[in-house]
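Engineer: Sequence and predicted structure are below.
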Amino acid sequence: MTVVKSTIPDSALQVTGDALQSTLVDLLGLSLIGKQAHWNIVGPRFRSIHLQLDEVVATAREFADTVAERSAALGLPPDGRPETIASAFTLPGPKDGWVRDTEVVEVVVEALEAAIGRLRERIDATEKPDPVTQDLLIAITAELEKQRWMFAAENVAGEV
């Protein structure tokens, strides 16, 4: 059933839909990684990283909503069901149980780097089919790169 007719051609819709859906999965997964680490972080930098994780979660959730709404606007139903996220999510995440603050920083940096790499591939893929979606993906990438930088700076404080 098609509720909304897309404004872009069908050939472009497939590429765009795939980019949006996989971005939605990554963003919802990032928000879960952030909350898992937020609840289980321990160490001397607990408070600052704990609060910084909330920024990542809020960013991921806000962009997930924007991505899902873009998909819906193009006539593609977004799929954010737990089983979809669980089966499609491949970014690295924290281990089970308590996690040292330095390990949290490492895993968040790794997850953000992986998500950014995948976003850059989607930016290339959507350049011709849908520049509007490409623009959205560029904005998401810029913000995730900022978050990655802020976390990466946490683990070099003693090395400068």
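Structural biologist: Everything's here; your move.

Engineer: what comes up buried for the longest helix seen in the chain?
Structural biologist: When the chain is parsed with DSSP state H, its longest helix is helix 10-40. Within helix 10-40, the residues scored as buried using 16 or more other Cβ atoms under 10 Å are 12-13, 15-17, 19-38. (Glycine included, C-beta is placed from N, CA and C.)

Engineer: Quick one: list the elements packing against the helix or strand hosting Val105.
Structural biologist: According to DSSP states H and E, Val105 maps onto helix 101-126. Counting contacts by 3 or more Cβ pairs under 8 Å, 6 or more residues apart in numbering; DSSP states H and E, helix 101-126 is packed against helix 10-40, strand 41-42, helix 46-73, helix 131-154.

Engineer: contacts for the second one?
Structural biologist: The set of residues external to strand 41-42 that reach it, using Cβ atoms under 8 Å, 6 or more residues apart in numbering, is 49-50, 53, 98-101, 104.

Engineer: now with 7 Å?
Structural biologist: Identification of contacts with strand 41-42 by Cβ atoms under 7 Å, 6 or more residues apart in numbering yields 49-50, 98-101, 104.

Engineer: excluding its backbone neighbours, what's nearest Val25?
Structural biologist: Spatial nearest neighbour of Val25, excluding adjacent residues (Cβ to Cβ, 6 or more residues apart in numbering): Ala88 at 4.7 Å.

Engineer: Tell me if I'm right that the one you found and Thr23 touch.
Structural biologist: No: assessed by Cβ atoms under 7 Å, Ala88 is found out of contact with Thr23, at 11.3 Å.

Engineer: The most centrally placed residue in the chain and Asp18, how far apart?
Structural biologist: Residue closest to the mean C-alpha point of the chain, counted by Cα atoms, centre = their mean, is Leu27 at 2.9 Å. Shown here: Leu27 relative to Asp18, a distance of 15 Å by Cβ to Cβ, to the nearest Å.
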